[in-house]
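1. Have a look; sequence and predicted model below, questions after that.
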Amino acid sequence: MPPEFHRPVLVSEVLDSLISDRDGLYLDATVGGGGHAGAILSKLSERGRLIGLDRDAAAIRAAAQALREYGHRVLLRQEVFWRLGAALRGLNLPEIDGALFDLGVSSHQIDDPDRGFSYRQDGPLDMRMGEGDRSAQDIVNTAPYEDLLRIFRDYGEERRAAPIARAICTRRKQGPIQRTGELAALIRSVIPPDQPQKTLSRIFQAIRIEVNAELEHLQEALRQAVEHLRVGGRIGVISYHSLEDRTVKTAFSEWARGCICPPDFPVCRCGKKKTLRFIRGRRGTKPGPEEIALNLRARSATLRVAERI
């Protein structure tokens, strides 16, 4: 894998938890530069195969280059992860032995100023991970105050959401905000000078989530992946902020819960059956200090894995 694209996190933990059949078929629903995919393929037998999806055309190109040694054992498609069910059916592959989601934004996307993801570098205010109608510039310049407030509070969990939203609405009357540097400077002008990076990170994260509908479709994508898992197959999700992780934990907990009838019912009437069981416990797995020292972006990662029963 080209080191400039993305450094995968929690690789050994993913391999230990996800692979239940070395001859199996695995799905990397967010293949990125192919880091996790290559590690998975290296642990499979010659019969093992992997399907890689990503909404970003640049990621698919990078993954194709990184995984070329695996030839016919890997199949890549440009597709959003919430359409994974249709992608699998289109390939006539109704069942898989494992599915991996590495959520969030890749190092390559963050480090490329032309993608507009980072407040640290000036670039066009874009933030689209793939093809899409709305860019960050569209949202910043056209969303009503109430929508900006909701985005910053819900997706950024930012307590200064209101003054930042008001400042944006006032500033854009003078002309469109078009650059990441412009937006970052505006945010800095209305918040206390102590630790501005945390607020900047939250606001840029919130806009990115809104642009790419990252949380809107996550539970649906997880549901599709679980439906396509064989019994004994596993699903793993790496999240990078509390909103993603909460969505994953809630979904897994719901599917790992059986009967929901009141305890005084003599027999079950709801008919609800468990479809998952947790692997590695319910708290998830985080990177150790050695990995964080080598890759600072790993510090916020959490891996959760469950098995189809």
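-> The structure has been received and is ready for your questions.

2. where's the worst-scoring helix or strand of the chain on mean pLDDT relative to the chain centroid, distance-wise?
-> Sorting the helices and strands of the chain by mean pLDDT, DSSP states H and E puts helix 107-111 at the bottom, at a mean of 80. Its chain's average C-alpha position is 14 Å from that of helix 107-111, according to CA atoms, centre = their mean, to the nearest Å.

3. before we move on, what about stretch 48-59?
-> The answer for stretch 48-59 is 14 Å, by CA atoms, centre = their mean.

4. So which elements touch the least confident helix or strand of the chain?
-> Using 3 or more CB pairs under 8 Å, 6 or more residues apart in numbering; DSSP states H and E, the elements in contact with helix 107-111 are helix 57-66. Bear in mind the C-beta positions are built from the backbone N, C-alpha and C, glycine included.

5. Which of the residues in the helix it packs on are classified as buried?
-> Along helix 57-66, the positions that meet the burial threshold by neighbour count (16 or more other CB atoms under 10 Å) are Ala58, Ala59, Ile60, Ala62, Ala63, Ala66.

6. How about stretch 158-170?
-> Residues of stretch 158-170 classed as buried by neighbour count (16+ other CB under 10 Å): Glu158, Arg160, Ala161, Ile164, Ala165, Ala167, Ile168, Cys169.

7. So for this protein, the centremost residue is which one?
-> With distances taken as CA atoms, centre = their mean, the chain has Leu103 as the residue nearest its mean C-alpha position (1.6 Å).

8. Please list all residues in contact with Met15.
-> For residue 15 the amino acid is Leu, not Met. For Leu15, the contact set (CB atoms under 8 Å, 6 or more residues apart in numbering) comprises Ala39, Ile40, Lys43.

9. would you list every one of the helices in the stretch 1-150 of the chain?
-> Using DSSP state H, counting those that start in this stretch, the helices found in the stretch 1-150 of the chain span residues 11-18, 35-43, 57-66, 84-90, 107-111, 136-142, 145-156.

10. Next, the buried residues of the longest helix along the chain.
-> Ranked by number of residues, the top helix in the chain under DSSP state H is helix 196-212. Within helix 196-212, the residues that count as buried by 16+ other CB under 10 Å are 199-212.

11. Let's test this: mean pLDDT of that helix, rounded?
-> Averaged over helix 196-212, pLDDT sits at 94.

12. Which neighbouring elements make contact with it?
-> Against helix 196-212 (3+ CB pairs under 8 Å, 6+ apart) you get helix 136-142, helix 145-156, helix 180-190.

13. just the angle between the second one and helix 196-212, please?
-> Right, the one you point to is helix 145-156. Counting by axes from the mean of the first three to the mean of the last three CA atoms, to 10 degrees, helix 145-156 lies at 110 degrees to helix 196-212.

14. now the following helix or strand past helix 145-156, how far from the chain's geometric center?
-> Using DSSP states H and E, the helix or strand that directly follows helix 145-156 along the chain is helix 161-171. Distance, stretch centre to chain centre, for helix 161-171: 28 Å (CA atoms, centre = their mean).

15. and what of stretch 145-152?
-> The answer for stretch 145-152 is 22 Å, by CA atoms, centre = their mean.

16. Repeat that for stretch 49-69.
-> Relative to the chain's own centre, stretch 49-69 is displaced by 16 Å; criterion: CA atoms, centre = their mean.

17. average pLDDT across it?
-> Stretch 49-69 comes out at a mean pLDDT of 96.

18. Can you give me the first-to-last residue distance of that stretch?
-> Using CA to CA, to the nearest Å, one end of stretch 49-69 lies 13 Å from the other.

19. try stretch 27-41
-> Note: stretch 27-41 ends 11 Å apart using CA to CA.

20. Give me the buried positions along that stretch.
-> 27-41.

21. Could you do stretch 146-161 as well?
-> Using 16+ other CB under 10 Å as the test for burial, stretch 146-161 gives Leu148, Leu149, Arg150, Ile151, Phe152, Arg153, Tyr155, Gly156, Glu158, Arg160, Ala161.

22. before we move on, back to that, which one of the buried residues of helix 196-212 is nearest to Arg246?
-> Comparing the buried residues of helix 196-212 against Arg246 with CB to CB places Ile209 closest, at 13.1 Å.

23. mind listing what the closest one touches?
-> Listed by CB under 8 Å, 6+ apart, the contact partners of Ile209 are Ile151, Tyr155, Leu215, Leu243.

24. Helix, strand or coil: sort out Arg230 for me.
-> strand (DSSP: H, G, I helix; E, B strand; the rest coil).
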